[in-house]
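S.K.: Mind looking at a prediction? Sequence and model below.
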Amino acid sequence: MGTTQLESVPEPKYWHLKTVLSEALDSEFSVGEILPNERDLAARFGVARATLRQALEQLELEGRLQRRRGVGTTVAPPRVGVAVGSEQHTWPGAAGDAWQATDCTVAAPPASVAGILETAHGEQVHTVRRSRVTHGQQVAAELLYVPASSVPDLSAIDAPSGAARARAVLRELQRLDLENQDRAVELGSARADDAKELDRLPGAPVLVVTTRFFAEGRTAAVSVATYRADTCRLTFGDSGGVEIHHDPERRAS
């Protein structure tokens, strides 16, 4: 990177620095390459480390950089696209579903989820954990909350826990006639458990897709899927479902 000092500019200093850094990433660095440490970068651009951190955080949010445990700050690979549609209504676990069931527990859901499901305070529900991998990289983790009333014929004998139990819950859920579903997307911060699973630092930016599944005139299940914001971009269309698209020709920009 060059040593050009930043002069007074009408925009915030960190924003101008972000632009300069972005141009350097395009011309001088390759995907996966580790950036110099913050002290060296701040000295080269003549800015305070606090200003530098703001610029780096913005570039991470935009998917240009990744901060990796034990490695440092690296140039991020191209983002994969997440197409979020609503025409095709299918239950989780249906044919063609890209998610892999990994575990299932019974516990009280977060208050926000309990409110959507209209379950009583402290009422336990089946919590199915699933993961999504594309091109060898895990890009998302999901928690699917299913109240007992949605899977009344589920037997504890089938499987007490684990991936087998998760698949049993999904099979029983598909016995219901799915009437509708809707999605909401928001930017969030990675919780400790999601951060560990997605190889991110706690608090790192993530995309949270909340899906409600309706059957028998009520919310029969709620999915909360957490996507890596540094490797995923959302596209909206009418293809239905959530699909991963990868563009191998696209550079880190």
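M.R.: All right, it came through fine.

S.K.: so where's the stretch 151-253 of the chain uncertain?
M.R.: Across the stretch 151-253 of the chain, the ranges flagged by pLDDT under 70 are 156-159, 234-253.

S.K.: show me where it has helices.
M.R.: Remark: helices assigned in the stretch 151-253 of the chain by DSSP state H, counting those that start in this stretch are 162-173, 192-197.

S.K.: Next SSE downstream of the helix or strand containing Gln66?
M.R.: Applying DSSP states H and E as the criterion places Gln66 in strand 65-68. Counting by DSSP H and E, the next helix or strand C-terminal to strand 65-68 is strand 72-75.

S.K.: Give the other helices and strands that that next one contacts.
M.R.: The contact analysis (3 or more CB pairs under 8 Å, 6 or more residues apart in numbering; DSSP states H and E) places strand 72-75 against strand 65-68. Any C-beta I mention is one placed from the backbone N, CA and C, and that applies to glycine too.

S.K.: Okay, buried residues for the strand it packs on please.
M.R.: By 16 or more other CB atoms under 10 Å, the buried positions in strand 65-68 come out as 65-67.

S.K.: cool, and stretch 127-135?
M.R.: The neighbour-count criterion (16+ other CB under 10 Å) identifies 127-132, 134 as the buried residues of stretch 127-135.

S.K.: likewise stretch 135-148?
M.R.: 139-147.

S.K.: One more: stretch 95-102?
M.R.: 97, 99, 101.

S.K.: what bridges to the last one?
M.R.: Beta bridges link Ala101 to Arg130 when assigned by DSSP bridges.

S.K.: what's the distance between it and Ser155?
M.R.: Going from Ala101 to Ser155 by CB to CB, to the nearest Å gives 17 Å.

S.K.: How about the second one?
M.R.: Relative to Ser155, Trp99 is positioned 23 Å away (CB to CB).

S.K.: ditto for the first one
M.R.: From Asp97 across to Ser155, the span is 23 Å (CB to CB).

S.K.: export the buried residues of strand 65-68 to JSON lines and tack on pLDDT and distance to Glu216?
M.R.: Below are the buried residues of strand 65-68 laid out as JSON lines (pLDDT from 0 to 100; distance: CB to CB, whole Å):
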{"residue": "Leu65", "pLDDT": "87", "distance to Glu216": "46"}
{"residue": "Gln66", "pLDDT": "83", "distance to Glu216": "44"}
{"residue": "Arg67", "pLDDT": "79", "distance to Glu216": "45"}
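
S.K.: Which of the residues you listed sits closest to Pro92?
M.R.: Of all the buried residues of strand 65-68, Gln66 has the smallest distance to Pro92: 28.5 Å, by CB to CB.

S.K.: so the closest one bridges to which residues?
M.R.: Thr74.

S.K.: Is it correct that it is in contact with Glu60?
M.R.: Yes - Gln66 is in contact with Glu60 according to CB atoms under 8 Å; the separation is 6.9 Å.

S.K.: Pull up the overlap in contacts between those two.
M.R.: 73, 76, 230 (CB atoms under 8 Å, 6 or more residues apart in numbering).

S.K.: who wins for neighbours among these?
M.R.: Among the shared contacts of Gln66 and Glu60, the one with the most neighbours (other CB atoms under 10 Å) is Asp230, at 24 neighbours.

S.K.: now for the helix or strand hosting Val139, which elements pack on it?
M.R.: Secondary structure assigned from DSSP H and E places Val139 in strand 137-146. Judged by 3+ CB pairs under 8 Å, 6+ apart, the packing partners of strand 137-146 are strand 125-134, helix 162-173, helix 192-197, strand 218-228.
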